[in-house]
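Novice: No sequence on hand, only this structure:
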């Protein structure tokens, strides 16, 4: 397994509609072929806009051949992904704790 | 790829995965009563969890609530609830309903009715486990679709809260539709692109559902519709069927035909194949270098020979690899049996343990598929007729629980499958009496025990005192035997009164290609399957003798071997005495010598069925086309020897 070389990108504590634009810009800037490590451990609140952004990221990444590597865990993200049945789509670990 | 084709591909992949998951669930559930360990429950949870997720991804919405209900039960178990037999039975039925739902969907007529029923049953179970839960009312499946307006997110839509409320109403599945999502760079992060569908199985009324979604209906297009039409006819027959009836696997339906069109292949097999093709390409380029106008001198000829030799090796290896692609572990078949044994045991009030060994033994997929029914029949027989009721077992000094053993192994080039029980065994005297009464054998025929046991394979034979609904109406063992013979196999029954019965199936690894020994009989060439041959010796007339005036034998070292004149047996014109060869084969563990005129080359032959091209000919397993275009028959050694009725040497010597 190739180790991702890029620096991990850390998602902010709040990933909601009001603040999501900055994260969007940062992700667009970092998305390049290879691997992108994303640290989710800081995420404390996330809404539909936030998870929609992550879905777009994962879809686009798979189209250009980028591997998204999730690092850390966030209960808020895991819960919302589970509710919306998006854990598999996002490639989050599906095994409930 | 167009969306339809992609969806079809996703569906096909999901059907395969779901088959695996259902099998895992089923075999795990059967173990649940005995071993409700954390590992098993976790494994079951994972299986249903990924099935639920997969169903959502491919849009099989009617399965969601049921998958969720099953998952919930496992979740309770994970949190310490105790597994009960009733729970296991309800879960097994839930798994059946899932399988049925999948089959209905594959057949193009999605049907949520059975799934909804199973959900209700599981919910009642939940109510029994947790008495505080609301009493079950009539449960219906609802589809709630939510399509937010593009600017809905900006208005602070609490969609997650609404969805959470809906999901809490009962077993539910949420599907998020992502199709409208643009590439990341083009995304307007505050705009809403997603749509949702929630399938929820609940006894709540439509108004109550509407009240929940009322919070968001100013920013979203919302619809609440019942999924299963109330007027959907529910076949009474299904309801009336005994609940524990072992479902006959849909062997004949269209789904089986569709399933037969694909096979899961391990990556190692594919890699071996790719390696082989690589070598083939190297050989070809090596031969290609010789392809110019230079004269064919000694050196070039040597290289050409070498290349051809390599080509032959490659071809053979490639053939092996390709054949191996078709082989599957027999465990995929054995895995059906824990449940069958459990349910039949329950119905008959017998305690039965099932032991499985050799599940990794591989055999051809075609053989494996056709083996299912005979094996089920044999196991049912063992449970129904073989294993005694607990009281009888205890009285006979046996452990109260009977044991059925399924075993597979490679022996020589064959696959051996054995079904052994430690039941009451067969009563040879009763079998002979029955066969006489039914005029299946001559009134004065005398048979040893082993021969008597084989009578049960005769058409119309059944000694069961009471015909049960499980097995035995006189059809059965003969059908089993015919199936096994059609597979090019052989079936032998052995029994010890009071100790048990063992049925041994000998099956070919593959149906398509065999290693053959070419022999000459007069001016004809015949193929003897190499596997059955132990040795070939030149006939020394001084070592032949005739026992009892009927049986020709040959003294091979210290052993007397019965001899069969193949030419006479096959009614071929007899040629003038020539130097003859004795080909020694093993049939039923005993050596038999076959007289031939000459032993020729050994080669792999592709078996062409006589049945499909002409008709079944006793004693011939098929035909093949030789390198020079001649047709040669392939001998069915076992059938030939049986037809010749060679008495066992012990009997002849006595």
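Specialist: Done, it's in. Not measured: the values here are computed from a predicted model. Residues are numbered from 1 along each chain as shown, chains lettered A, B, ... in the order given.

Novice: C-alpha from now on. contacts and neighbour counts both.
Specialist: Fine.

Novice: buried stuff in the top helix by length along chain B?
Specialist: Once chain B is assigned using DSSP state H, the helix that runs over the most residues is helix B:3-32. Neighbour-count burial for helix B:3-32 flags B:11-12, B:14-15, B:17-18, B:21-32 (criterion: 16 or more other CA atoms under 10 Å in any protein chain shown).

Novice: Which residue ranges of chain A form helices?
Specialist: Listed in chain order, the helices of chain A (DSSP H) span residues A:20-30, A:48-64, A:75-83, A:87-90.

Novice: is the third one up against chain B anywhere?
Specialist: Yes. Contact between helix A:75-83 and chain B is present through A:80, A:83 (criterion: CA under 8 Å from any CA of the partner chain).

Novice: Can you mark which positions in that helix are buried?
Specialist: Within helix A:75-83, judged by 16+ other CA under 10 Å, the buried ones are A:76, A:77, A:78, A:80, A:81, A:82, A:83.

Novice: pLDDT added to these, as a markdown table?
Specialist: Formatted as a markdown table, the entries for the buried residues of helix A:75-83 read as follows, by pLDDT from 0 to 100:
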| residue | pLDDT |
| --- | --- |
| A:76 | 91 |
| A:77 | 92 |
| A:78 | 90 |
| A:80 | 91 |
| A:81 | 90 |
| A:82 | 87 |
| A:83 | 88 |
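
Novice: Where does the record place the domain boundaries for chain B?
Specialist: For chain B, the structural domains run B:1-134, B:137-228, B:268-325, B:329-508, B:513-653, going by automatic domain parsing.

Novice: quick one: the fourth one to chain centroid distance?
Specialist: Put simply, domain B:329-508 sits 17 Å off its chain's centre (CA atoms, centre = their mean, to the nearest Å).

Novice: end to end, how far does that domain reach?
Specialist: Using CA to CA, to the nearest Å, the span of domain B:329-508 from its first residue to its last is 14 Å.

Novice: what about it, average pLDDT?
Specialist: Confidence over domain B:329-508, taken as the mean pLDDT, stands at 83.

Novice: helices and strands around the helix or strand where residue B:306 lies, which ones?
Specialist: In this structure, residue B:306 sits in helix B:298-325 according to DSSP states H and E. With contacts defined as 3 or more CA pairs under 8 Å, 6 or more residues apart in numbering or on different chains; DSSP states H and E, the secondary structure elements packing on helix B:298-325 are helix B:267-289.

Novice: thinking again about what came up before, can the buried residues of helix A:75-83 go into JSON lines with extra columns for distance to residue B:587?
Specialist: Listed next are the buried residues of helix A:75-83 as JSON lines, based on distance: CA to CA, whole Å:
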{"residue": "A:76", "distance to residue B:587": "70"}
{"residue": "A:77", "distance to residue B:587": "67"}
{"residue": "A:78", "distance to residue B:587": "64"}
{"residue": "A:80", "distance to residue B:587": "67"}
{"residue": "A:81", "distance to residue B:587": "64"}
{"residue": "A:82", "distance to residue B:587": "62"}
{"residue": "A:83", "distance to residue B:587": "64"}
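
Novice: do you know how far residue B:428 is from chain A?
Specialist: Noted for residue B:428: a distance of 57 Å to chain A, by CA to the nearest CA, to the nearest Å.

Novice: Let me know how buried that residue is, in neighbour terms.
Specialist: Neighbourhood size, residue B:428 [other CA atoms under 10 Å in any protein chain shown]: 21.

Novice: What does it show for phi and psi?
Specialist: Note on residue B:428: backbone dihedrals following degrees, to the nearest 10 are phi -60, psi -40.

Novice: Please apply the same query to residue B:410.
Specialist: Backbone phi and psi, for residue B:410 under degrees, to the nearest 10, turn out to be phi -90, psi 130.

Novice: Isn't it up against residue B:360?
Specialist: No. Under the criterion of CA atoms under 8 Å, residue B:410 is not in contact with residue B:360, lying 10.2 Å apart.

Novice: Name the residue in those two with the higher neighbour count.
Specialist: In terms of neighbours (other CA under 10 Å), residue B:410 is the more surrounded of residue B:410 and residue B:360; the figures are 17 against 13.

Novice: picking up where we left off before, so which of the domains of chain B gets nearest residue A:59?
Specialist: Of all the domains of chain B, it is domain B:137-228 that lies closest to residue A:59, at 7.4 Å by CA to CA.

Novice: ok, residue B:421 touching residue B:404?
Specialist: Yes. Taking CA under 8 Å as the contact criterion, residue B:421 and residue B:404 are neighbours in contact, 4.5 Å apart.
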